[in-house]
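>>> Dropping the sequence and predicted coords here.
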Amino acid sequence: MGIFSFTKSKKESLDKGLEKTKESVFSKLSRAVIGKTKVDDEVLDSLEEILISSDVGVNTTLKIIERIEKRVARDKYVSTSELNGILRSEIAALLAENNSYEAADFDLPKTGNPYVILVVGVNGVGKTTTIGKLAHQFKAAGKSVILGAADTFRAAAIEQLQIWADRVGVPIVKQQMGSDPASVAYDTLLSAKASGADVVIIDTAGRLHNKINLMNELSKVKKVMQKVFPDAPDEVLLVLDGSTGQNAFEQAKQFTLATEVTALALTKLDGTAKGGVVIGISDQFKIPVKYIGVGEGLDDLQIFQRAEFVDSLFNPSASLRDR
């Protein structure tokens, strides 16, 4: 596919998906600077409250405020009209410094083996939907995809993944509820090897029932997968519900303690004013946010692009500018 092209439709989808967070930030920011001509301590205190209330997180918010304070001290005078632009540039710089990796598109490295994605996350965060949308995106990019229903803890999880496999038009490997998840993963990789699939996406049980049990279960799944492909999985993708704000931080903490997480997907950003959670989680865990969900459509799972995200979040729409 080459260099990722952030099309007009994708940008419009991103802008729309972040509208609730944007409206919340700008309405509060507008109130904070009423009657002010320059950025002073009072404005910075208000900005701190705004960022924290948008679930950027305390530690990341303090980093952003410190960066803006240095900018104000360096430039001597910073007008309130410049604040939005400074905020955008400093947050983009912070994200770039903390996380140099950024996916280009839905293309994948050519290794001769399928690219294996192990998907983890608690129930209800949009894990199965994310898997379905990922399968759609990879298929649209010309890749052959196979799904593995290794969340055998719930019959509903297997059924939901089957619905997505049918909807997207990709094969699925599954067993009965209560089957060994590692066995499902093993069978999925054998099937992928036999068919020459490009991408394998494996669902896992969505519960933090016990950190030790979770760790043991995921370790077993990985070991069995490596009997087929020694380097599998290529990616451990943690799916988090962006609308839960600080709860998403806690889930990220628990899963990163239980297993090695190499990428994050933040879902349901279109239904919340807590879109700042993407900034905080990316900064605090130093794990690439690879995908964001900004709508219900199949194409509304997007590759996370730092610059485009910050631009959409902090660039006021016409309706907001006119207020």
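Right, received. Where do you want to start? Values in this document were obtained by computation on a predicted structure and should not be read as measured data.

>>> Please list all residues in contact with Y115.
L108, P109, D198, V199, V200, D234, E235 (Cβ atoms under 8 Å, 6 or more residues apart in numbering). Where you see a C-beta, it was placed from the backbone N, CA and C, and this is true even at glycine.

>>> how about a cut-off of 6 Å?
Contact partners of Y115, counting by Cβ atoms under 6 Å, 6 or more residues apart in numbering, are L108, V199, D234.

>>> quick check, nearest of the residues you listed to V56?
D234 (30.4 Å; Cβ to Cβ).

>>> Check whether that closest one really touches V116, as I assumed.
Yes. The criterion here is Cβ atoms under 6 Å, and D234 meets it with V116 at 5.1 Å.

>>> who has more neighbours, those two?
When D234 and V116 are compared for neighbours, V116 comes out ahead with 26 against 19, by other Cβ atoms under 10 Å.

>>> Could you point out the bridge partners of the more buried one in the sheet?
Here V116 shows beta-bridge partners V200, assigned using DSSP bridges.

>>> Tell me if I'm right that it and P233 touch.
Yes. Applying Cβ under 6 Å as the test, V116 and P233 come out as touching, 4.4 Å apart.

>>> Need the pLDDT of K36.
The model reports K36 with a pLDDT of 80.

>>> need the contact list for it.
By Cβ under 6 Å, 6+ apart, the residues touching K36 are V43, T80.

>>> quick one: which helix or strand includes it?
Secondary structure assignment for K36, by DSSP states H and E: no helix or strand.

>>> L264 now?
Element membership for L264, per DSSP H and E: strand 263-267.

>>> List of residues touching that strand?
126, 130, 235, 237-242, 278, 287-293.

>>> and the very next helix or strand once past it, C-alpha only, in PDB?
Sequence-wise, the next helix or strand downstream of strand 263-267 (DSSP H and E) is helix 277-285. C-alpha atoms of helix 277-285 as PDB (Å, rounded to 0.1, in the frame of the first residue of the first chain):
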ATOM      1  CA  VAL A 277      -7.200   9.100  27.600                       C
ATOM      2  CA  VAL A 278      -5.300   8.300  24.300                       C
ATOM      3  CA  ILE A 279      -2.700  10.900  25.200                       C
ATOM      4  CA  GLY A 280      -2.300   9.800  28.800                       C
ATOM      5  CA  ILE A 281      -2.100   6.000  28.100                       C
ATOM      6  CA  SER A 282       0.400   6.500  25.200                       C
ATOM      7  CA  ASP A 283       2.600   8.600  27.500                       C
ATOM      8  CA  GLN A 284       2.400   6.600  30.700                       C
ATOM      9  CA  PHE A 285       2.800   3.100  29.300                       C
END
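
>>> Right, I'll call it a day here.
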